[in-house]
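Student: return a 3D structure for these sequence lines:
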Amino acid sequence: MAIPKVKSNKVEWSTQSIVQFSVSGGLIVLSLIMGWLAIARFQLKRNLVAGLQAMDRNQEGDVEPYLQSAVGWKKSHVGARLALAKRYADSGKLDDGEALYRELLADPDLEEKGLVGVGLGVIALKRAEKEKDATQFKNRIKEAQAAYGTANHLPEGKLGIKLADLMREIRDKNADGVAKLQAAFTGLINDAKSGKSGQWTREGLIDLYAGAGMSYAYGGGYSKEAAQYFNSCYSLAPQWPLPLVNKVYLEAAYLRAGSDIPPTKLQEMKTAWDTEKNDWDSKATSPAYIALREAWFQYCIAQAYRYGSAGLIQEYRNYIHQLKSKSDLNGRYEVIKVHLGIFMHFGMRPGIDPESRNNDVMQASTEIENFLKGELSRRSEAEWVTLKALALANFAVCLEHRGVREMNNNFHQEAVKNLKEALEIEKKSLGLPDGAYETNRNLAVILKRLNNAEGETYYNAAVKLGPGSDKGREDVENLKKFWAGQLKE
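Tutor: Purely as a prediction, here's the structure:
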């Protein structure tokens with residue numbers, strides 16, 4: 001029996017079924033929209049957080065892409081745009097940063113316009129820093145002060161005005177103005193600690209301690225206050241290169257100025273200092289820490305000099321060997337300068353027995369002679385010419401010492417020859433029309449000992465050039481007494 005074919009029925013749509021289907025279709029579309037919005041919110045948050053974390057960790061290559069992606073997911077998001085504008089300013093894209101900040105100023109959703117004022121102030125200061133023309137520099141400083149002035153109700157706004165003042169006083173070489181700002185920065189720090197100045201951002205505190213450190217470091221040399229503030233700055237941002245670079249330079253300055261550091265303390269601190277130095281060396285190989293390389297080098301030179309000056313010769317040799325083993329540092333004149341001078345410095349220290357002095361002076365003589373015979377002494381750059389003149393003068397002192405010890409006038413004559421060559425370099429290449437005081441004095445003393453009337457010329461020049469310090473004036477008086485026969489040596 002054949003199965004009868006079933007005829008298809010016509011679909012009937014009731015009003016209720018149409019409404020139900022429409023609602024369900026709308027819910028599907030709405031769920032898609034809501035899902036997309038949830039994804040957008042997630043991507044915005046994820047990229048913004050990742051960008052801020054990369055900024056905090058000094059992962060410079062990641063910061064900008066993350067923040068740009070965050071803004072891409074929601075162009076109206078004020079926080080993401082503020083972070084991106086700051087990143088542009090920090091990375092030197094000043095025009096992009098300024099454009100984004102000015103766009104934010106017109107945004108009604110921006111509740112705190114002072115944040116933009118701080119950002120524009122930073123950009124103006126960065127432009128001022130690069131400005132060589134004095135008038136344009138002053139204009140940039142005024143721009144910065146005006147921008148920070150719109151944020152004067154924020155701690156970072158008050159700080160920015162002081163930073164602009166500091167940049168101006170440093171450019172004008174106004175030590176009195178810098179000294180006044182030291183007190184101002186200290187006051188801001190005290191207010192921050194007590195909570196009087198309001199809520200500081202971490203970046204604001206970093207700039208605060210950096211500015212205070214710069215004011216106390218003005219003029220060079222070591223400052224306990226500068227070291228304290230730069231260390232505070234570094235502790236707030238241990239992954240940022242600039243605070244670390246400043247810290248290392250200050251540590252180097254401490255070692256250079258540390259004539260009061262006894263050898264026992266140097267030995268006690270050696271392990272801790274070397275650990276830090278090795279850590280800095282490993283960081284300095286990273287492109288993000290490229291500026292740390294020079295600071296590390298200056299620290300190593302200062303460390304070698306301090307240990308050598310204290311008579312810890314083996315430690316000194318180890319540091320110099322480490323520097324010479326690095327191909328990019330072996331040709332640095334500072335390494336050669338320290339190496340040529342350290343034995344001279346050590347051999348001429350007061351209170352040592354004649355035999356020890358003679359050994360040290362002979363060592364210095366050998367090192368200097370090797371330099372004078374080598375290619376480096378023939379380099380024409382200013383620092384190498386200066387070093388050659390110094391080497392010749394120091395070699396003359398070694399020869400004179402040997403002449404006195406061995407009672408051999410040939411060494412005296414050779415010393416005169418070296419001193420005259422040094423004097424010629426000083427006059428022709430170093431901008432000293434009469435030469436250096438020490439060179440003229442040493443020539444006068446040796447020629448007087450040789451009963452050579454030519455010494456009168458150098459004696460008169462030395463008296464004319466006599467240093468103005470108390471120690472210098474005492475040396476000139478002793479030279480006069482020696483010349484008059486009232487002082488044997």
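
Student: nearest residue to residue 280 other than its sequence neighbours?
Tutor: residue 296 (4.9 Å; C-beta to C-beta, 6 or more residues apart in numbering). Bear in mind the C-beta positions are built from the backbone N, C-alpha and C, glycine included.

Student: pretty sure that neighbour contacts residue 277?
Tutor: Yes - the pair residue 296 / residue 277 is scored as a contact, 7.2 Å apart, by C-beta atoms under 8 Å.

Student: which strand or helix spans the residue nearest to residue 280?
Tutor: helix 292-309 (DSSP states H and E).

Student: quick one: buried residues of the helix or strand just after that helix?
Tutor: Downstream of helix 292-309, the first helix or strand assigned by DSSP H and E is helix 313-324. Within helix 313-324, the residues scored as buried using 16 or more other C-beta atoms under 10 Å are 315, 316, 319, 320, 322, 323.

Student: ok, so of these, who is nearest residue 367?
Tutor: residue 320 (10.8 Å; C-beta to C-beta).

Student: stretch 406-417: how far from the chain's middle?
Tutor: Remark: stretch 406-417 is offset 45 Å from the chain centroid, using C-alpha atoms, centre = their mean, to the nearest Å.

Student: stretch 139-149 too?
Tutor: On C-alpha atoms, centre = their mean, the centre of stretch 139-149 falls 25 Å from that of its chain.

Student: pull out the buried residues from it.
Tutor: Going by 16+ other C-beta under 10 Å, stretch 139-149 has these buried residues: 140, 141, 143, 144, 145, 147, 148.

Student: enumerate every residue touching the residue nearest to residue 280.
Tutor: By C-beta atoms under 8 Å, 6 or more residues apart in numbering, the contact list for residue 296 reads 248, 277, 280, 281, 284.

Student: do you know how far the residue nearest to residue 113 when sequence neighbours are not counted is from residue 160?
Tutor: Nearest non-adjacent residue to residue 113, counting by C-beta to C-beta, 6+ apart: residue 105, 6.3 Å away. The gap separating residue 105 from residue 160 is 17 Å, by C-beta to C-beta, to the nearest Å.

Student: which of the two has more neighbours?
Tutor: residue 160 (29 against 12; other C-beta atoms under 10 Å).

Student: so for the more buried one, what's the nearest residue that isn't a sequence neighbour?
Tutor: In space, residue 160 is closest to residue 148, 3.4 Å off (C-beta to C-beta, 6+ apart).

Student: the one you found: helix or strand, and which one exactly?
Tutor: helix 134-149.

Student: and that helix, how far out from the chain's middle?
Tutor: On C-alpha atoms, centre = their mean, the centre of helix 134-149 falls 25 Å from that of its chain.

Student: downstream neighbour of that helix in the secondary structure list?
Tutor: With elements assigned by DSSP H and E, the helix or strand that comes after helix 134-149 is helix 155-171.

Student: so which elements touch that following helix?
Tutor: helix 114-130, helix 134-149, helix 175-194, helix 202-217 (3 or more C-beta pairs under 8 Å, 6 or more residues apart in numbering; DSSP states H and E).

Student: mind checking which of those helices is nearest residue 465?
Tutor: The nearest among those, by C-beta to C-beta, is helix 175-194 at 26.3 Å.

Student: which other residues reach the closest one?
Tutor: 155, 158-159, 162, 165-166, 168-170, 197, 200, 205, 208-209, 211-212, 215-216, 218-219, 225, 229.

Student: return the set of buried residues in it.
Tutor: In helix 175-194, counting by 16+ other C-beta under 10 Å, buried: 177, 178, 181, 182, 184, 185, 188, 189, 191, 192.

Student: all helices for the stretch 251-400 of the chain, in order.
Tutor: For the stretch 251-400 of the chain, the helices defined by DSSP state H, counting those that start in this stretch cover 263-283, 292-309, 313-324, 333-347, 354-373, 382-406.

Student: low pLDDT regions in the protein?
Tutor: Applying pLDDT under 70 to the chain flags residues 1-79, 259, 330, 468-469, 488-489.

Student: just to revisit the earlier point, chain center to the helix holding residue 296, what's the gap?
Tutor: That offset, for helix 292-309, works out to 14 Å (C-alpha atoms, centre = their mean).

Student: buried ones in that helix, by neighbour count?
Tutor: Under 16+ other C-beta under 10 Å, the buried positions of helix 292-309 are 292-293, 295-309.

Student: how deep is residue 112 tucked in, by neighbour count?
Tutor: 13.

Student: wait, what's in contact with the residue nearest to it when sequence neighbours are not counted?
Tutor: Sequence neighbours aside, residue 154 is the residue nearest to residue 112 in space, at 7.9 Å (criterion: C-beta to C-beta, 6+ apart). Going by C-beta under 8 Å, 6+ apart, residue 154 touches 112, 114, 115, 118, 198.

Student: and the gap between residue 154 and residue 191?
Tutor: Where residue 191 is concerned, residue 154 sits at a distance of 13 Å (C-beta to C-beta).

Student: kindly report the same for residue 229.
Tutor: From residue 229 to residue 191 the distance is 15 Å (C-beta to C-beta).

Student: wait, doesn't residue 88 sit right on residue 96?
Tutor: Yes - when contacts are counted by C-beta under 8 Å, residue 88 is listed as touching residue 96 (4.4 Å).

Student: who's more crowded, the two?
Tutor: residue 88 (23 against 15).

Student: got the phi/psi numbers for the more buried one?
Tutor: phi -60, psi -40 (degrees, to the nearest 10).

Student: run a quick neighbour tally on the nearest residue to it once chain neighbours are set aside.
Tutor: Distances taken as C-beta to C-beta, 6+ apart place residue 97 nearest to residue 88, at 3.5 Å, with adjacent residues excluded. Residues near residue 97, counting by other C-beta under 10 Å, number 23.

Student: possible to save the helices and strands packed on helix 155-171 as JSON lines with distance to residue 368?
Tutor: JSON lines is the format used below for the helices and strands packed on helix 155-171 (distance: least, C-beta to C-beta, whole Å):
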{"stretch": "helix 114-130", "distance to residue 368": "42"}
{"stretch": "helix 134-149", "distance to residue 368": "44"}
{"stretch": "helix 175-194", "distance to residue 368": "38"}
{"stretch": "helix 202-217", "distance to residue 368": "34"}
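
Student: returning to what we had before: surely the residue nearest to residue 113 and residue 116 touch.
Tutor: Yes - counting by C-beta under 8 Å, residue 105 does reach residue 116; the two are 5.3 Å apart.

Student: in space, what's closest to residue 241 - neighbours in sequence excluded?
Tutor: residue 289 (4.8 Å).

Student: number of nearby residues for that neighbour?
Tutor: 21.

Student: swap in residue 475?
Tutor: Counted with other C-beta under 10 Å, residue 475 comes out at 17.

Student: tell me the contacts of it?
Tutor: With C-beta under 8 Å, 6+ apart, residue 475 has these contacts: 441, 466, 467.

Student: alright, I will stop here.
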